[in-house]
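In: Below are the sequence and a predicted model for it; my questions follow.
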Amino acid sequence: MAGMSKIFYLVFIGAGIVLCFIRMIKGQTAADRTMALDTVTTVTTALIVVLAFMLKRAIYLDVALVYALLMFIGSVVIARFLERGL
Amino acid sequence: MRSLIAVILLAVIGLGLALCLSDMPFGANHIATAEKAGRHYLEKAPQETGSANVVTAVVVTYRGFDTLGEVTVLFIAAIGLGMVLYRRKKQEGKPPQPASFVLQTGCCFLFPLILILGVYIFLHGHLTPGGGFQGGVIVASGFLLAYIGCADMKIRHRWFEATESLAGSAFVIAGMAGLAAGGSFLMNFMPKGNFNTLFSAGIIPIIYIAIGLKVGAELTGLIANLLERAE
Amino acid sequence: MLATVQNCMVIALTVLMLAGAVCACIFKDLISAVIATAFVSLLAALFFFLLHAPDVAMAEASIGAALTTAIFVIAIKKTARSEEE
Amino acid sequence: MVNPVLLLAVPLGLAFLTPLLAFISDRIARYVPVAGMLFNCVVSVSLIPSVLNRPIIVQTGGFAPPFGINLVAGPLGITLAAVIALVGLAVSVYGLAYVKEGATVKYHVLYLLLLTGATGVVLTGDIFNLFVFYEILCISSYALVAYSGDKNGVEAAVKYLIQGSIGSGLALIGIAILYGVFGTLNMADIARNIGSTGILNTTLFIALAFMVAGFGVEAAVFPLNAWLPDAHSSAPAPISAILSGIAIKVGIYVVVRIVFTVFGAPSMFMLLVVIGVVTLLIGEMSAFSQNNIKRMLAYSSVGQVGLIVFALGMATTGGISGGLFQIISHALAKSLLFLATGYMIYRSGSMEISSLQGMGKRMPLTCCAFTIGAFSLVGLPPFAGFPGKFMIVRAAIAQQQHLFTFLIALVLFGTIIEACYFFRIVQAAYFTGPREEPDAGKQRREEAPLFALAPMLGLLVFIIALGVYPEPVIRLLDSCAAELLNRFDYIKGVLG
Amino acid sequence: MLAAGAILTAIGALFLFVGSLGILRLPDVYNRLQAGTKCTTFGSFFCIIGVGIMEPGWFWKCLIIALFILLTNPISNHALGRAALKSGVPLCPKNVVDKSKEFKEYRENREEK
Amino acid sequence: MSFLFENSYYIAAVGLILIGLYIMAAKKNLIKVIIGLSFFETGINVLLIAAGYIRGGSAPIFSHPDMQAGKMVDPTPQALVLTAIVIGVAVLALALSLAVRLYEHHGTLNLRKIRELKW
């Protein structure tokens, strides 16, 4: 049961990354691509927390902390560039 | 023609790499015997350095000289960038669009949080993943966010230069102190403390604080120079 | 079972990473290429995490996704955005 | 006895402190490289007697060699460090007068760090540490080539940066393969693991190829020297002098150290010889066809690199000490040439050789220095170039193979070409005056300032002294050659 | 406790998947922003909190991570939406309401008056 | 399939290295070339970390008193990669500043058009 639920998490979150990636490849405008980047960081943060749970090491949560607080800077920078505000 | 040559060269390099990698299978225990450096670090680092994070122990004590070099490389990059972009003509153009209210407020709110996270990361470098370098980058990212959020924000470049200069000197002086204490350069001459607590591991936290401040100041100065927001 | 799923995930991530690198190669819009670069370094950070190197993952994440992207974007702002022929 | 680690720690500390000193006064900051190099000069020269018999092994962090990083202050390392400090001292004094505009403090910091990187490369005994110092050397030279910020400088810097970073990436791949195979990074430990058979398996051969190709970019051996003429001719004069005098030599040192000490691969020696001769011929031919004097000097550096690699590839005591002697004499002479050329170009306002006409009357001392440097480079007897070339020729003939006799004939042919183009300049400077006869006002003496003349004079003295009385240096270089040829002493010295 | 956490995490994973699907399938940037903001914030929040419930020792750290996501995600998505609007990304033709256009017209009218 | 399972990290590393080198060799735009450089460096880093991995190992951090040294991955490549990442970002920043400067002089970043010095 526990194994099945872990597979469930991995499959669904991993599929989320793949879908965002396809949007990044397809995306007509740069805004679409940035959108995909922003979403994929959120999804990856969740994936890292789940992986830390599966690997049973609390210290891995620090990586998720950095992801959660830092990753949005990249997309904000690109957004500011797109609205000519840099 | 040019890309054909490139492809041929790449094929040669790829083949060479593949041949090499077949000689070191993925996941094999290549540090099985005790005289290998990696095995030695894993087994001896907690006693010899007092640091729970072995990577930190390797970075700061066993291979501390590398770290001094790495900090120097970043210093060179910051100074070289300032030199290359020195006193060029200002770009004319429309003034940039100010950030929206939400973004400004969010940046002001998140800026101290990011700084705290950075300081946390480099203070706990010997206990949890992370260390001086990562913490410094996080601090610099905080300043980057502040630049993006507030269009008219400028930093006093001199303060940052003084910080990086002092922190770099502190690193070298810590090394020299090891030399003066009768050991060798960058020796861990301070008491090790209780394992797995904040105040442990001798000079590792001190050097990590120096590295964190230095890296943070350097990267911030680098971004400010690129954005023409210095001074 | 779990191991198989994990292996498949790593293979999928590998494919995505290489596809992202190829995308960065073929995109004419440099901002899009930079976004693809950020994707690649994000996935590289995930790889480092999966290889049990949290220190490196943290460094790669903070450098690759935030700082390098910002430096690239600022440089593109100061030069030209599209890759001319 | 002084600890050799101070050779690195003191300049690094000074470089970190320089921005603070610049708050007080920019004038103080300008003297920092001079102070650092003076210190290095004194320390390294004072260390030479004590390292002649057995190398000093310095631990860092208090850990024994295979686990911690160690410095190996053997005769070769200390000799090269002394040469670096000497040339660096001369050029930094020259820089006090020459570098006036732009970000001067940043220039001096980067200059000091470049020399520190070079010193680190020649002293370290750990292969990844070598890579880090090599990167310090490379990155600061990328930035310094673009110092003046003009069109050519930036373009040359971009070119140099791209090729150099591909090279260092390839070298890092080689290091990664070595680590994956042996699980250690200490050069002596790797050498011990490779063993003495001299036969490398495929993996090791590929690692060696990656590392030689990677570090060879800085050494500018034949297929990898596309960046050199542009970078050397577009940089400011002191930087050209350092790049030609020091940086290339450090690249050669790394290649030689890896081939001889780490891998001990005799199969590579013949390759080195052939590459050397090809590089020599290509460099001299290209130099002959140049009209731009700095480009000409840069191509001449390529030729000299070829000669040095050829000599080192012979792998006999005579050959190696001849090559090392050539390294020293070329470092002195080429930096002297670039320094003299810097003010000649500054006064005449053009880099064309034809614009140097009549320089012999306008700047007699500078021109005299240039002439002596050129004679030394060509290998005329009373100067430092002669013993080096003589030793190389003698070593090649001592091999008693027809191939080497043929190759040394090619080398001498290259030397003749070299003599041709240098005499062209000397003739232009002394024997062709401006067409219209001088009015007294126009032909006034415009000598270079004292701060620029003093280092040139110092280098000149060394060139003549080495040429007249080379025996002590040759004895020193013989023990360097013994260090290179005797891997087992090196391994035993480091690992005990 | 374990079951509750597992269920929460599963809900979160599901929402993350649905949000990503929305990113892929919806027609234009503004619609995709919906999915990208709401769904993924919700999903990752539940995922992380679920893990925190399953491992009680980690709860506070997980809560902090979740709060950070809760703080940063809306900001970046707001900036993105504004960027798309300012850089002139067109709406999908199937849209019925365009409040930003209405607002622009309203403001122009007011300035004319 | 099992070959892929075994070696997917290596494939990623080598692929990144090759793609990065290809971009650097074949592309004309300087920013593209720098992007290629960053891929090249990332690829080398993945290669180093993958070479240091030990099957069944965990992160080399003694966060619990009962952690065993035998169950950990090799810490040395991680320390090396930390250094390599810093060097990479330094080179990247310098290259981009040179690109900005080059654009000011020439008004283009196309390396085939900038030919004052005979590339």
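Out: Arrived safely, thanks for sending.
In: show me where chain B has helices.
Out: Here chain B has its helices, by DSSP state H, at B:2-23, B:37-49, B:54-57, B:64-84, B:101-123, B:132-149, B:157-180, B:204-226.
In: Tell me where chain B is predicted with low confidence.
Out: Regions of chain B meeting the criterion pLDDT under 70 cover residues B:87-94, B:151-152, B:154, B:229-231.
In: How about it: which residue is closest to chain A?
Out: Nearest to chain A, among the residues of chain B, is B:Gln97, at 4.1 Å (Cβ to the nearest Cβ). Glycine gets a C-beta too; all of them are placed from N, C-alpha and C.
In: Counting neighbours, what do you get for that residue?
Out: 14 (other Cβ atoms under 10 Å in any protein chain shown).
In: Could you find the closest non-adjacent residue to it?
Out: Computed as Cβ to Cβ, 6 or more residues apart in numbering or on different chains, the closest residue to B:Gln97 that is not its neighbour in sequence is A:Gly85, at 4.1 Å.
In: residues near the one you found, how many?
Out: Neighbours of A:Gly85 (other Cβ under 10 Å): 20.
In: And the strands in chain A?
Out: With DSSP state E as the criterion, chain A has no strands.
In: Now it against chain B: closest residue?
Out: For chain A, Cβ to the nearest Cβ, closest residue to chain B: A:Gly85, 4.1 Å.
In: which ones are touching that residue?
Out: B:96-99, B:151 (Cβ atoms under 8 Å, 6 or more residues apart in numbering or on different chains).
In: One more: E:Thr72?
Out: Counting by Cβ under 8 Å, 6+ apart, E:Thr72 touches A:68-69, A:71-72, B:106, B:110.
In: Let me have those residues in JSON lines, extended by neighbour count.
Out: Output for the contacts of E:Thr72, formatted as JSON lines (neighbours: other Cβ atoms under 10 Å in any protein chain shown):
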{"residue": "A:Ala68", "neighbour count": "29"}
{"residue": "A:Leu69", "neighbour count": "29"}
{"residue": "A:Met71", "neighbour count": "31"}
{"residue": "A:Phe72", "neighbour count": "31"}
{"residue": "B:Gly106", "neighbour count": "23"}
{"residue": "B:Leu110", "neighbour count": "22"}
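In: which among these are in contact with chain E?
Out: Contacts with chain E are made by A:68-69, A:71-72, B:106, B:110 out of the contacts of E:Thr72, judged by Cβ under 8 Å from any Cβ of the partner chain.
In: Return the member of those residues nearest to F:Ile11.
Out: Distances from F:Ile11 to the ones next to chain E among the contacts of E:Thr72, taken as Cβ to Cβ, are shortest for A:Met71 (26.0 Å).
In: circling back: most neighbours among the contacts of A:Gly85, which one is it?
Out: Highest neighbour count within those, by other Cβ under 10 Å: B:Ala99, with 22 neighbours.
In: what does the average pLDDT come to for whatever helix or strand E:Leu33 lives in?
Out: Using DSSP states H and E, E:Leu33 falls within helix E:29-34. Helix E:29-34 carries an average pLDDT of 85.
In: which outside residues touch that helix?
Out: A:23, A:29, A:31-32, A:35, E:22-23, E:26, E:77, E:80-81, E:84, E:89, E:91-92.
In: Whichever of the residues you listed end up buried, select them in PyMOL.
Out: To isolate the buried members of those in PyMOL, using 16 or more other Cβ atoms under 10 Å in any protein chain shown:
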select buried, (chain A and resi 23+29+31+32+35) or (chain E and resi 22+23+26+77+80+81+84+89+91)
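In: got the residues of the stretch 201-350 of chain D near chain F?
Out: Counting by Cβ under 8 Å from any Cβ, the residues of the stretch 201-350 of chain D that sit close to chain F are D:230, D:234.
In: what's the most buried one of the helices of chain B?
Out: Highest mean neighbour count of the helices of chain B: helix B:54-57, a mean of 31 (counted as mean count of other Cβ atoms under 10 Å in any protein chain shown).
In: near chain D, anything from that helix?
Out: No. Applying Cβ under 8 Å from any Cβ, one finds helix B:54-57 separated from chain D by no less than 10.1 Å.
In: list the helices and strands that helix packs on?
Out: helix B:37-49, helix B:204-226, helix F:75-106 (3 or more Cβ pairs under 8 Å, 6 or more residues apart in numbering or on different chains; DSSP states H and E).
In: Out of those, the one nearest E:Lys61 is which?
Out: helix B:204-226 (21.1 Å).
In: Might you enumerate the residues of chain E proximal to chain B?
Out: Counting by Cβ under 8 Å from any Cβ, chain E sits next to chain B at E:68, E:71-72, E:74-75, E:78-79, E:82, E:86.
In: secondary structure element for the residue nearest the centre of chain C?
Out: Chain C has C:Val40 as the residue nearest its centroid, 1.6 Å off, counting by Cα atoms, centre = their mean. Element membership for C:Val40, per DSSP H and E: helix C:30-50.
In: If you count neighbours, what's buried in the worst-scoring helix or strand of chain F on mean pLDDT?
Out: Within chain F, no helix or strand scores below helix F:2-26, which has a mean of 88 by mean pLDDT, DSSP states H and E. Within helix F:2-26, the residues that count as buried by 16+ other Cβ under 10 Å are F:7-26.
In: sorry, back to before: pull out the buried residues from the helix holding E:Leu33.
Out: Buried positions in helix E:29-34, judged by neighbour count with 16+ other Cβ under 10 Å: E:29-33.
In: Just the closest of these to chain F, please.
Out: Among the buried residues of helix E:29-34, and counting by Cβ to the nearest Cβ, the member closest to chain F is E:Val29, at 24.3 Å.
In: Report the contact partners of the closest residue to that closest one other than its chain neighbours.
Out: Distance criterion Cβ to Cβ, 6+ apart; nearest residue to E:Val29, sequence neighbours excluded, is E:Ala84 at 4.6 Å. Contact analysis of E:Ala84 by Cβ under 8 Å, 6+ apart lists A:29, A:31, A:82, E:29-30, E:33.
In: Next: B:Leu19.
Out: B:Leu19 neighbours (Cβ under 8 Å, 6+ apart): D:202-203, D:206.
In: Between those residues, identify the one with the most neighbours.
Out: Result: D:Ile206 is most packed of the contacts of B:Leu19 (other Cβ under 10 Å), 22 neighbours.
In: roughly how far apart are that residue and chain E?
Out: 42 Å (Cβ to the nearest Cβ, to the nearest Å).
In: Let me know whether that residue touches D:Ile177 as I believe.
Out: Yes. Counting by Cβ atoms under 8 Å, D:Ile177 is a contact partner of D:Ile206 at 6.9 Å.
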